[in-house]
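*Asks:* can you look at this prediction? I've put the sequence above it.
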Amino acid sequence: MTLVAAVVVGAGVGGGVVPVGIARANPSGAVTPVSVNGLPAGADAVLVNIAMVDGTSPGYIAADRCSALVTGAPNRANGNFDARAAIANLAVVPVAPDGQFCIYNQAPVQLVVDLQGAFAPVTDGGELYVPDTGRRVRDTRTTSPTPLAAGSITAVDTGLPAGTDAALVNIAMVDGTAPGYITADRCSSLTAGPQTRANGNHLVDTAIANLAVVPVDGGGRFCIYNQARVHLIVDVQGSFTHDSPAGLGFAPMTGGRVSDTRTASSTPPVAGSITVVDTGAPAGTQAVLVDIAMVDATSPGYITADRCSTLAAGPQTRASGNHAIGAAIANLAVVPVDAGGRFCIYNQAPVHLVVDVQGRFAADAPDRFVSLTSARLLDTRPAAPVAQVAVPGTTSCTSVVHIGDSTSVGLIASSMLHNPDDRMPAQYRRVGVSDPRMEISGARSIVERLPGQENAYEVAVRLKASGYHGCWVLALGTTDSANIAAGSSIGRAWRIDRMMSVLGADPVLWVNVKTTEAAGPWSNNAMAPWNLALVEAAVRYPNIIVYDWAAAAQTSWFSTDRVHYTSEGFRIRAQLIANALAVAYPA
């Protein structure tokens, strides 16, 4: 597995120990192998849900046999991602005889892969694909304007006939109030609470869809768990069953990219357009499996794909994908085709369309779908928790300089932390630092300064000039982010690079930022881009490790100004920063 090493994790408080680290993402151009055990004999491909998490910039992934990904960037994709967002896409990926495949990521990103099934030339135990006319079977917006509560389980009646083993459904996640994931399964199998796998990820106030093959109970019912508040819309595209006169087999296709509207015009197809796609599928093909990327949209919208002979102009009653403004978002779809392998796509809003073919369904195609126990095959994110208060071991950093702004002032203030053992110097000593140096001042940033006060850069220059060579903890970015939001022309990357130009190759633990303010320069929305810039910096500088304070910090720890902390918040903040240092740079 091609990874950039080193992660930091912290711990939740009250809700048990949870990972809260930001890992350095797989670097650009990495090829990550994934192994699948227990596949049926002769399996040609696996059905996997691939989530792309913590991307440092927009990019795409491509999945294939490892032997097909050795010549550089592929000319096709299995998913697109944006910076900061977790986005998933279903994919049918060819596998080698040993069950291995690889994923290429064009930009730095974390990868999470969940297995759903396989396609193999089996005569016993496999399932045929049965096309459906395309029907909307669930839309939670029709029963309530309020999104489903976090942790809800929603039943879906597909209306599929008796004997159906699994439903092929497009699940749109709409009006999310926070980022989250969904998991779909038989109602008899899906239990409440956090899940170990996912069928889709969603963002805040953005409609995102993901295709899924979901096992059903008798009567064609299945259930969906939503981790965060969100509306759910479910459209049936087909089903899988052991025996059906209308059942179709599957055959992989290596045609790759078959349509890209960007090649004809820099302007996306106008709203309400219908685009013809020629897949090159051979005679007898009744449906194709295609990845449809929606790129450079000028407004949010949806697409619908169907036979050209069936798809009529105007608003549609079902969808094959949803897109946001600007971001590239892909969705897998099984689309019926006319003779000659052609189908059409309706786009409700202006958007470019990029279509990559993955396979076809036909009566004479050799493979059947084999349902496999859902399992997580790969997760490149960190997952090593650290106890909240207990000593996690000692650090190799015998000397530490802590440079901080007002969010660190309370870490050393007797008025906030009456017990000296709770203060930051004592917490550093707890994990083995013999020489903790506190360089903390209110309103400190890397660039701007108050009269008579050094900025963070100047502090680092002074200490370096005095001969200091040790570890650094930088609790910086809150004031910088507010200054940028208020109009500073000096960007985040330049600020971070300026600090690193002084620190050189010294070990650095950089604590990211969070507020609970809703609007203005001090809002958390103004802080989030800084945290992304830190992740990007960790790719450029191998001696930076980012501690994800933003994931650990609880609302109850913040003071009434929504930027600083209560005494309890500062006490826990000191403990967790010290713990993170011990994990980042262990003895």
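*Replies:* Received, thanks.
*Asks:* C-alpha only now, for contacts and for neighbours.
*Replies:* Noted.
*Asks:* which SS class is Arg495?
*Replies:* Following DSSP: H, G, I helix; E, B strand; the rest coil, Arg495 is assigned to helix.
*Asks:* in contact with it, which residues are there?
*Replies:* Ile446, Val447 (CA atoms under 8 Å, 6 or more residues apart in numbering).
*Asks:* for Val433, same thing?
*Replies:* Val433 neighbours (CA under 8 Å, 6+ apart): Thr395, Ser396, Cys397, Thr398, Ser399, Val400.
*Asks:* go with 10 Å
*Replies:* 394-400, 425-427, 471, 578, 581-582 (CA atoms under 10 Å, 6 or more residues apart in numbering).
*Asks:* against which helices or strands is the host helix or strand of Ala51 packed?
*Replies:* Element membership of Ala51 [criterion: DSSP states H and E] is strand 45-53. Helices and strands touching strand 45-53, by 3 or more CA pairs under 10 Å, 6 or more residues apart in numbering; DSSP states H and E, are strand 59-64, strand 79-81, strand 87-94, strand 100-105, strand 110-120, strand 200-202, strand 208-215, strand 368-379.
*Asks:* closest to Val46 out of these?
*Replies:* strand 110-120 (4.1 Å; CA to CA).
*Asks:* how big is the angle separating that closest one from strand 100-105?
*Replies:* Angle, strand 110-120 to strand 100-105, by axes from the mean of the first three to the mean of the last three CA atoms, to 10 degrees: 140 degrees.
*Asks:* show the average pLDDT along strand 110-120.
*Replies:* Mean pLDDT, strand 110-120: 93.
*Asks:* try stretch 556-576
*Replies:* For stretch 556-576, the per-residue pLDDT averages 93.
*Asks:* tell me which residues of it come out buried.
*Replies:* Going by neighbour count (16 or more other CA atoms under 10 Å), the buried part of stretch 556-576 is 557-558, 562-567, 569-576.
*Asks:* same check, this time on stretch 42-54
*Replies:* 42-54.
*Asks:* in TSV, list those along with distance to Pro145 and pLDDT.
*Replies:* Converted to TSV, the buried residues of stretch 42-54 look like this (distance: CA to CA, whole Å; pLDDT from 0 to 100):
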residue	distance to Pro145	pLDDT
Gly42	48	92
Ala43	45	94
Asp44	44	92
Ala45	41	95
Val46	38	96
Leu47	34	95
Val48	33	96
Asn49	29	95
Ile50	30	96
Ala51	28	93
Met52	30	92
Val53	29	86
Asp54	30	77
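*Asks:* redo those as TSV? Include distance to Thr261.
*Replies:* Output for these, formatted as TSV (distance: CA to CA, whole Å):
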residue	distance to Thr261
Gly42	37
Ala43	34
Asp44	31
Ala45	29
Val46	29
Leu47	27
Val48	27
Asn49	26
Ile50	25
Ala51	26
Met52	25
Val53	27
Asp54	28
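*Asks:* out of those, the closest to Asn524 would be?
*Replies:* Nearest member of those to Asn524, counting by CA to CA, is Asp54, at 17.4 Å.
*Asks:* what residues does the closest residue to Gly42 other than its chain neighbours make contact with?
*Replies:* Using CA to CA, 6 or more residues apart in numbering and skipping the chain neighbours, the partner closest in space to Gly42 is Ala120 (5.7 Å). By CA under 10 Å, 6+ apart, the contact list for Ala120 reads 39-46, 126-127, 249-251, 366-370.
*Asks:* distance of Ala51 from Ala330?
*Replies:* Note on Ala51: its distance to Ala330, by CA to CA, to the nearest Å, is 12 Å.
*Asks:* what about this protein, any weak spots by pLDDT?
*Replies:* Along the chain, the model assigns pLDDT under 70 to residues 1-27, 84, 255, 382-392.
*Asks:* in it, which spans are helices?
*Replies:* 406-409, 424-430, 456-465, 478-485, 492-503, 524-540, 549-552, 567-584 (DSSP state H).
*Asks:* among the ones you listed, which comes closest to Arg262?
*Replies:* The nearest among the helices of the chain, by CA to CA, is helix 524-540 at 28.6 Å.
*Asks:* hmm, back to that, of the contacts of Val433, which is the most crowded?
*Replies:* When these are compared by neighbour count (other CA atoms under 10 Å), Leu581 ends up highest, at 31 neighbours.
*Asks:* surely that one and Ile544 touch.
*Replies:* No - here Leu581 does not reach Ile544: they are 11.6 Å apart, not a contact under CA atoms under 10 Å.
*Asks:* before we move on, the earlier item: between the buried residues of stretch 556-576, which is closest to Asp82?
*Replies:* Nearest to Asp82 among the buried residues of stretch 556-576, with distances taken as CA to CA, is Val563, at 27.6 Å.
*Asks:* ok, and the closest non-adjacent residue to the closest one?
*Replies:* Excluding its sequence neighbours, the residue lying closest to Val563 (CA to CA, 6+ apart) is Thr515, at 4.9 Å.
*Asks:* any figure for the gap between that neighbour and Asp205?
*Replies:* From Thr515 to Asp205 the distance is 20 Å (CA to CA).
*Asks:* who's more crowded, the two?
*Replies:* Thr515 (23 against 15).
*Asks:* contacting residues for that one?
*Replies:* So Thr515 contacts 478, 522-528, 550, 553-555, 558, 561-565 (CA under 10 Å, 6+ apart).
*Asks:* for His352, same thing?
*Replies:* Per CA under 10 Å, 6+ apart, neighbours of His352: 260-263, 265-270, 293-298, 328.
*Asks:* hang on, the earlier thing: relative to Ala305, which of the helices and strands packed on strand 45-53 is closest?
*Replies:* Comparison of those against Ala305 by CA to CA identifies strand 208-215 as nearest, at 13.3 Å.
*Asks:* quick one: the residue nearest the centre of the chain and Gly487, what's the gap?
*Replies:* Closest residue to the average C-alpha location of the chain: Ala86 at 2.0 Å, with CA atoms, centre = their mean. Separation of Ala86 from Gly487 (CA to CA): 29 Å.
*Asks:* got the helices of the chain as a markdown table, with distance to Val169 columns?
*Replies:* Shown next, in a markdown table, are the helices of the chain (distance: least, CA to CA, whole Å):
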| stretch | distance to Val169 |
| --- | --- |
| helix 406-409 | 47 |
| helix 424-430 | 52 |
| helix 456-465 | 53 |
| helix 478-485 | 42 |
| helix 492-503 | 42 |
| helix 524-540 | 33 |
| helix 549-552 | 33 |
| helix 567-584 | 42 |
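*Asks:* and the ones you listed: which comes nearest Arg135?
*Replies:* helix 524-540 (38.1 Å).
*Asks:* buried residues, that closest one. List them.
*Replies:* Quick answer for helix 524-540 (16+ other CA under 10 Å): 524-539.
*Asks:* likewise stretch 276-285?
*Replies:* Burial within stretch 276-285, assessed by neighbour count using 16+ other CA under 10 Å, is assigned to Val277, Asp278, Thr279, Ala281, Gly284, Thr285.
*Asks:* fine, thanks again, bye for now.
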